[in-house]
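> Sequence first, predicted model second:
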Amino acid sequence: MKQRVVRVDPLSAARVVALLYFIIGVIALPFLYLGFVVTPTGLGFSPGLVFLEPFLLSGIGFASTALACALFNSLAGRFGGLEIDLRDVESG
């Protein structure tokens with residue numbers, strides 16, 4: 001059965017992506033901090049900024065996803081959206 005995605009709620013998608021980016025930022029945090037410990041001159045910015053990285057990353061992810069969803073909704077309304085093929089699956 002073919003169906004079409006014609007609208008994505010920008011805020012709900014942006015919340016999920018912001019949370020995902022925050023988790024990725026927390027995972028990357030030790031590696032960024034390691035850059036300050038290993039290199040003699042650091043990475044060129046304050047070590048305190050490293051701890052803001054997950055928040056900055058999630059904010060950028062939220063804003064860019066909300067903008068992308070709004071743009072998708074505008075284009076999908078004009079050109080018909082995305083066609084997807086769905087199949088029923090047996091629960092097991």
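Received the coordinates, thanks.
> When you work out contacts or count neighbours from here on, use the C-alpha atoms and nothing else.
OK.
> Name the spans of this protein whose pLDDT lies under the cut-off.
Applying pLDDT under 70 to the chain picks out residues 40-45, 47, 92.
> Report the next helix or strand after the longest helix seen in it in sequence order.
For the chain, the longest helix by residue count, based on DSSP state H, is helix 47-79. Once the chain leaves helix 47-79, the next helix or strand it forms, by DSSP states H and E, is strand 82-85.
> thinking again about what came up before, tell me how far the longest helix of the chain is from the chain's mean position?
Relative to the centre of its chain, helix 47-79 is centred 6 Å away, using Cα atoms, centre = their mean, to the nearest Å.
> And it, what's buried?
50-51, 53-66, 68-70, 72-73, 76 (16 or more other Cα atoms under 10 Å).
> residues contacting the spatially most central residue of the chain?
Relative to the mean C-alpha position of the chain, the nearest C-alpha, by Cα atoms, centre = their mean, is the one of residue 17, at 3.5 Å. Contacts for residue 17 were tallied using Cα atoms under 8 Å, 6 or more residues apart in numbering; they are 58, 61, 62, 65.
> next one: residue 60
If a contact means Cα under 8 Å, 6+ apart, then residue 60 has residue 18 as its contacts.
> Roughly how far does it sit from residue 81?
25 Å (Cα to Cα, to the nearest Å).
> ok, now residue 34?
44 Å.
> what about the two, which has more around it?
Shown here are residue 34 and residue 81; by other Cα atoms under 10 Å, residue 81 has more neighbours (17 against 12).
> Ramachandran coordinates for the more buried one?
Dihedral angles of residue 81 (phi, psi; degrees, to the nearest 10) stand at phi 80, psi -160.
> so what's it up against?
Residues in contact with residue 81 (Cα under 8 Å, 6+ apart) are 4, 5, 6, 7, 75.
> ok, so of those, who is nearest residue 89?
residue 4 (19.1 Å; Cα to Cα).
> neighbours around the closest one, how many?
Residues near residue 4, counting by other Cα under 10 Å: 12.
> would it count as being in a strand?
Yes. The assignment for residue 4 (DSSP: H, G, I helix; E, B strand; the rest coil) places it in a strand.
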